[in-house]
Structure formats: C-alpha cells, structure tokens
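Asker: Here's my sequence, what's the structure:
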Amino acid sequence: MFRVTFIIVLVGLAAYAVYAFYYYMIQRSVIFPRHLVERPADSEPVIDGTRLWIETTQGKVEAWYLPSYVCYEAGGEPLLIFAHANAELIDYWPQHVTSLREMGIGVLLVEYPGYGRSEGEPSQASLTETFVKAYDMVTSYDGVDENRVAVFGRSLGGGVACALAKERKVKAMILMSTFTSIRDMSKQFFFPKFLILDPFDNLSVVRQFAGKILVVHGTRDEIFPYEMGVELANAAQDGKLITYEYGHNDCIYDWNEFWREQEGFLREAGVRH
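Answerer: Predicted coordinates for the structure are as follows:
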C-alpha cells in the first residue's frame, strides 16, 4: 500500500513539475500577448502631435506626445503618461484622450517594446526602462511642467504605471481594471510565485505612493477580480475607488466623458489648476 501511495505521489509531483515548467516557459507570451495584436500597416502614422523614438537597450521604441489645446504662457502644461493594456497599441488611443487635451493636459502615449512598430522584447524591466526614458525626455521640454505629471494605467498598464511611479516623480495615478501583483494572480493557476519573471508588485508601490490615487474597477471584471481594485484603493495613503457594474474591457463606454468626469480629481491632485 505504501509503495502504491508513493508512486502516486511521485507521479503527481512529476506532473506538477511539467505543468510548472510549461507555464514558466510561456508566461511572457501570456502576460504580453503581442501575437494577438495586428502590426499597424502604416509605418508613418499621421498624428496630431509629435512622434518620438525612445532609445533603449532593447532598441527604438515609439511614443507620441500629444500636446494640449491650451496655450500656457509660463510654467508649461501638465502631462498625463498613458500605459495601455497588454493587447493594445498606442494607435488605438488618440481619439479617446481628446477631453484631456481640451482641459489643458498634454498626453504621452508610450508603446511597449516589441509591440507595433517598436523594437525589443516586452518585460517588466524593458517596459520600465522605456517609460522612464520617455518621462525624462518629455518632462525636459520647456512646454511641459515636470511638477504636474500624472500617470494612467489600464489592465497590465497599471503595472507599468506603478513601475514608473516608483522610479520618477508623479503627482497622481489613475489605475483602471488592474491587479495587486502578478504573483497574486498566479495563485489562480496554482503556479509557484517564485517562478514569476515579471511580478509587477502594484500593491507595494501604492502603499508607498504619497500622491493621490484613483482606482477604477468593474464589479464583473473577469480578468482581475474586483476585490483587487478594492485592496489597491484601501492600501493607498490617499486613494479613491470608482466602481462600475461592468467587466474588464467594457468598463468605460465613453472615454472622453470619463476624462471630463475626472477633472475634479485632477484638480485636487494638483495636476490641473
């Protein structure tokens, strides 16, 4: 009997080891599913702003600086740095940030390494490097107020936003439909935490962040549980939670209306005067 039990346990451990090794090897294709995102056909996109190329150790990564529609005579304009979800491109977003530009906030859309027209491979390290260098480049412009920078992250972009806020001065964060950490997510798949290559520990960043944080989450989010949004908001030193009765990708119906609704938050955070 002992021999049979031993063999069963041994086979179970071997099967779990194979399972863990398989997901260890494919985890970045799950976290960064760029194979699902069609490469833009237009190599020279027409944008209402400035096209930038960020020089990184991974190669050149694309970014678009979309200045506000308000003329600032002194001090420069505030800036919102935008981090999109893991199956999107910056190409999707210019029309959805019009209200921000109308209220006098410039927008910086930064692509992920290996996505769209950008070179490199996506990882927490490469995304953090890219966003830090994009931040340094654009906040050095005379027309940008480096003291009034906010960062927005949706889904995986919440991890990128927190990674940037850990490295650079940020006045406020808006975290939408995101997670506490990838390690916390791994529990759903019975995957060992220590094998996670890109942990994106948002919760630890939120706890230490001194500025205002707005957490936006859907109660029916089928990717990142609503409870994670609640935990992030509760962990913030100065946090606010907005709840929608929707899922992960349909949380916001009208983006420009959403930005107008958050004008008060941006004023309170000192991003918009």
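Asker: For E167, the count of nearby residues, please.
Answerer: By other C-beta atoms under 10 Å, the residues close to E167 number 15. For the C-beta atoms, the positions are set from N, CA and C on the backbone; glycine is no exception.
Asker: Same check on the one 10 residues further on?
Answerer: When neighbours are counted by other C-beta under 10 Å, S177 registers 28.
Asker: and it, what is it in contact with?
Answerer: Contact analysis of S177 by C-beta atoms under 8 Å, 6 or more residues apart in numbering lists 154-155, 158, 216-218, 221, 223-224, 229, 248, 251.
Asker: Apply 10 Å and report the result again.
Answerer: With contact set as C-beta atoms under 10 Å, 6 or more residues apart in numbering, S177 has these partners: 85, 153-158, 215-218, 221, 223-224, 226, 228-229, 244, 246-249, 251-252.
Asker: Could you find the closest non-adjacent residue to I223?
Answerer: For I223, ignoring the flanking residues on the chain, the nearest one in space by C-beta to C-beta, 6 or more residues apart in numbering is H248 at 4.3 Å.
Asker: Does the one you found fall in a helix, a strand, or a coil region?
Answerer: Look at H248: counting by DSSP: H, G, I helix; E, B strand; the rest coil, its state is coil.
Asker: if we can go back for a sec, name only those of the contacts of S177 that count as buried.
Answerer: Buried subset of the contacts of S177 (neighbour count, 16 or more other C-beta atoms under 10 Å): 85, 153-158, 215-218, 221, 223-224, 226, 228-229, 244, 246, 248-249, 251-252.
Asker: Could you list which of those belong to helices?
Answerer: Under the assignment DSSP state H, the buried ones among the contacts of S177 contribute 156-158, 226, 228-229 to helices.
Asker: Same list (the residues you listed) but as CSV, adding pLDDT and distance to E257.
Answerer: Output for those, formatted as CSV (pLDDT from 0 to 100; distance: C-beta to C-beta, whole Å):
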residue, pLDDT, distance to E257
L156, 98, 24
G157, 98, 20
G158, 98, 21
Y226, 97, 22
M228, 98, 25
G229, 98, 20
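Asker: Let me see the domain layout of the protein.
Answerer: Domain assignment for the chain, taken from automatic domain parsing, gives 1-31, 46-268.
Asker: which residue ranges form the helices in the stretch 101-250 of the chain?
Answerer: Along the stretch 101-250 of the chain, the segments classed as helices by DSSP state H, counting those that start in this stretch run 124-139, 156-167, 182-186, 202-208, 226-235.
Asker: where does the stretch 1-150 of the chain dip in pLDDT?
Answerer: 1-23, 73 (pLDDT under 70).
Asker: confidence score at the residue nearest to I223?
Answerer: In this model, H248 is scored at 95, pLDDT.
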